[in-house]
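# starting from these lines, generate the structure:
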Amino acid sequence: MVQPWDYIAKIVSLGDSGSGKSSLTIRLCEGRFVSHHDVTIGVEFGSRIVPVGPPASLEHNINNPSSAPKTTSPNAVRGGGGAVKKGEELQKHMKLSLWDTAGQETYKSITRSYFRGASGALLVFDITRRSTFNSVTSWLHDLRQIAEEDIVVILVGNKSDLAPASTITAGDSTNKRQVTREEAEEWCRENKVMQYVETSAKSGENVELAFLQAAERVFQLVNAGKYDLNDKRSGVKRNTGEGGNTARTLNLGMSAKAAAKKGGAGGGCC
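Residues are numbered from 1 along each chain as shown. Predicted coordinates for the structure are as follows:
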């Protein structure tokens, strides 16, 4: 049985090459870790349906005012949400159209074109390589130049399995951390980025949490009327199947091959 969904949203992953963007997408979509992945050329795609809004958002402490977000296991959320009490609104689901973009400078002009129409973004760096953190400001600038003004951005520090301590510990071979949690959180405050999440594509720690945080904030903006769901250029669409519960395939723009033929110019809204 195909999982029903109510909305579809375009989410892009960006950041330096080797920071683990593709591994995060594979972990989310397939629940597995790939230790060696070919360099992404242009963009790769994935999708995943997740619950948004209560009761699932409260159960998983996503935007739950009564408690802070907690760590989620690799397979913690698979579209559940618990029983709905009489009088409560039915659980909503959002299909995330995931665009994993190339991080190499060679493909940057192509990569930038895929930011257009995105409603959310995961800005990824490797916490064991400071150079990748130093680049996030430039990536954020590129994103905000092209994407919608209200795009939801989550800063993701990946490879936490290589950095068990939250601070830099000189001479500790087991802790390869080069960027502290405090540094990343301060950067988020200075650059008006929604949240910082540390993940491990290898263990699956917090991978779902990062994507769910973005999805939940997009859902909040949908409810606030920030998107025109009938506008083809919008990064969020409503499922137009009968009753909004019939899953179907949407045209999310040109394929990577088609984009390459046109010099990387993305088509469609998503």
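# longest helix anywhere in this structure?
helix 207-223 (DSSP state H).
# ok, then the element right after it?
Sequence order places strand 236-238 as the next helix or strand after helix 207-223, per DSSP states H and E.
# quick check: buried residues in that following strand?
Within strand 236-238, the residues scored as buried using 16 or more other CB atoms under 10 Å are 236-237. Quick note: C-beta positions are derived from backbone N, CA and C, even for glycine.
# over to stretch 157-177?
157-161, 163, 168, 175-177.
# need the three-state assignment for the closest residue to residue 34 other than its chain neighbours.
Spatial nearest neighbour of residue 34, chain neighbours left out: residue 26 (5.4 Å); criterion: CB to CB, 6 or more residues apart in numbering. For residue 26, the assignment made with DSSP: H, G, I helix; E, B strand; the rest coil gives helix.
# where are the low-confidence patches of this protein?
1, 36-42, 63-88, 103-110, 242-270 (pLDDT under 70).
# quick one: residues contacting residue 184.
With contact taken as CB atoms under 8 Å, 6 or more residues apart in numbering, residue 184 is in contact with 127, 133, 155, 157, 196, 198.
# of these - the most surrounded one?
Of all those, residue 157 has the most neighbours under the rule other CB atoms under 10 Å, reaching 31 neighbours.
# that residue reaches residue 179, doesn't it?
Yes. Residue 157 lies in contact with residue 179 (CB atoms under 8 Å); the separation is 6.5 Å.
# just to check, residue 114 is in contact with residue 101?
Yes. Contact criterion CB under 8 Å: residue 114 and residue 101 qualify, at 5.4 Å.
# coming back round to it: any idea how far residue 33 is from the residue nearest to residue 34?
As judged by CB to CB, to the nearest Å, residue 26 and residue 33 stand 7 Å apart.
# anything in contact with each of those two?
Common neighbours of residue 26 and residue 33, using CB under 8 Å, 6+ apart, are residue 201.
# how many other residues sit next to residue 229?
12.
# what sits closest to it if chain neighbours are left out?
Nearest to residue 229 is residue 238, by CB to CB, 6+ apart, at 4.6 Å.
# could you report the distance from the one you found to residue 222?
In terms of CB to CB, residue 238 sits 9 Å off from residue 222.
# separation between the residue of the chain most remote from its centre and residue 96?
Most distant from the centre of the chain: residue 171, at 33.7 Å, with distances by CA atoms, centre = their mean. Per CB to CB, residue 171 is found 41 Å from residue 96.
# so what sits against both of residue 238 and residue 222?
Both residue 238 and residue 222 are in contact with 7, 229, where contact means CB under 8 Å, 6+ apart.
# contact partners of whichever helix or strand residue 153 is part of?
Residue 153 belongs to strand 152-158 when assigned by DSSP H and E. With contacts defined as CB under 8 Å, 6+ apart, strand 152-158 is touched by 15, 19-20, 23-24, 119-127, 133, 136, 140, 143, 179, 181, 184, 187-188, 193-201, 210, 213-214, 217-218, 221.
# among these, name the ones in helices.
Among the contacts of strand 152-158, the members falling in helices (DSSP H) are 23-24, 133, 136, 140, 143, 181, 184, 187-188, 210, 213-214, 217-218, 221.
# returning to what we had before: spit out the residues that contact residue 157 and residue 179 alike.
What both residue 157 and residue 179 touch, as defined by CB under 8 Å, 6+ apart, is the set 125, 127, 133.
# what's the spacing between the first one and residue 179?
Distance check for residue 125 against residue 179: by CB to CB, it reads 7 Å.
# who's more crowded, these two?
residue 125 (28 against 22).
# so what's that one up against?
Residue 125 is in contact with 15-16, 19, 132-133, 135-136, 155-158, 179, counting by CB under 8 Å, 6+ apart.
# quick one: which of the buried residues of stretch 157-177 is nearest to residue 4?
Residue 4 has its nearest neighbour among those in residue 158, at 31.1 Å by CB to CB.
# in space, what's closest to that closest one - neighbours in sequence excluded?
In this structure, residue 158 finds its nearest non-sequential neighbour in residue 20, 4.0 Å apart by CB to CB, 6+ apart.
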